[in-house]
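Trainee: let me see the structure of the following:
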Amino acid sequence: MSLVRSFYEISKSVCISSLTKPWQRKCQIVKPVYIARHTSTTKPLSEKKEVKVTFIKAGGKRIEAKGKVGDSLLDIVVNNELDFDGFGACEGTLTCSTCHCIFKQEDYDKLPEKPTDDEMDMLDLAYELTDTSRLGCQIIMSEELDGLEVRLPTSINDARS
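Mentor: Residues are numbered from 1 along each chain as shown. As a prediction, the model looks like this:
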């Protein structure tokens, strides 16, 4: 509000040049312009629906984690500080295969987008590749994927090495 008051005080004494005689100046009172605030109609990130994912490690240990709609599986691993050795080494830039995940066929079929050529190239370098393998950095959680179970391979291959 103090900014608006300052603007109003400045605008009261704005001098403008005369078009006919540029060496003369006239002072003119200018009405202040009030800037309307726009409000967002989207929900803040903190209000996005929460989703659950169960990661199944090679030994069978099940680790449940929570994330938000719009998070990738890699985001969920990082945000929950899950200790999966080397998982997501390239931080989601699609230059490694360390976030290799294996899905049940019915879950794989629910995924909204099919893998891109770049993702397929990285998956070709992953260990324990299956027909239902995907990279976790490319799987974006939605309400339909709530309760997803993801199996992790025994070992990882960092394609950057």
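Trainee: only C-alpha atoms from now on, for both contacts and neighbour counts.
Mentor: OK.
Trainee: give me the three-state assignment for I102.
Mentor: Secondary structure, DSSP: H, G, I helix; E, B strand; the rest coil: I102 is strand.
Trainee: begin at 862 from here
Mentor: Okay, residue one is now 862; in that scheme the one you just asked about reads as I963.
Trainee: partners of it in the sheet?
Mentor: S994, R1012 (DSSP bridges).
Trainee: so for it, what's the pLDDT?
Mentor: Looking at I963, its pLDDT stands at 96.
Trainee: same question, G1008
Mentor: 96.
Trainee: how many neighbours does it have?
Mentor: By other C-alpha atoms under 10 Å, 15 other residues sit near G1008.
Trainee: hmm, which helix or strand of the chain has the shakiest average pLDDT?
Mentor: strand 876-878 (a mean of 43; mean pLDDT, DSSP states H and E).
Trainee: ok, I924 to L984 distance?
Mentor: Note on I924: its distance to L984, by C-alpha to C-alpha, to the nearest Å, is 23 Å.
Trainee: more crowded one of these two?
Mentor: Comparing I924 with L984 by other C-alpha under 10 Å, the one with more neighbours is L984, at 26 against 13.
Trainee: chain neighbours aside, what residue packs nearest to that one?
Mentor: Excluding its sequence neighbours, the residue lying closest to L984 (C-alpha to C-alpha, 6 or more residues apart in numbering) is S958, at 6.1 Å.
Trainee: isn't that neighbour up against D1019?
Mentor: Yes - between S958 and D1019 a contact is recorded at 5.8 Å, counting by C-alpha atoms under 8 Å.
Trainee: more crowded one of those two?
Mentor: More crowded of S958 and D1019, by other C-alpha under 10 Å: S958, with 31 against 20.
Trainee: how about the contacts made by D1019?
Mentor: By C-alpha atoms under 8 Å, 6 or more residues apart in numbering, the contact list for D1019 reads A950, C957, S958, T959.
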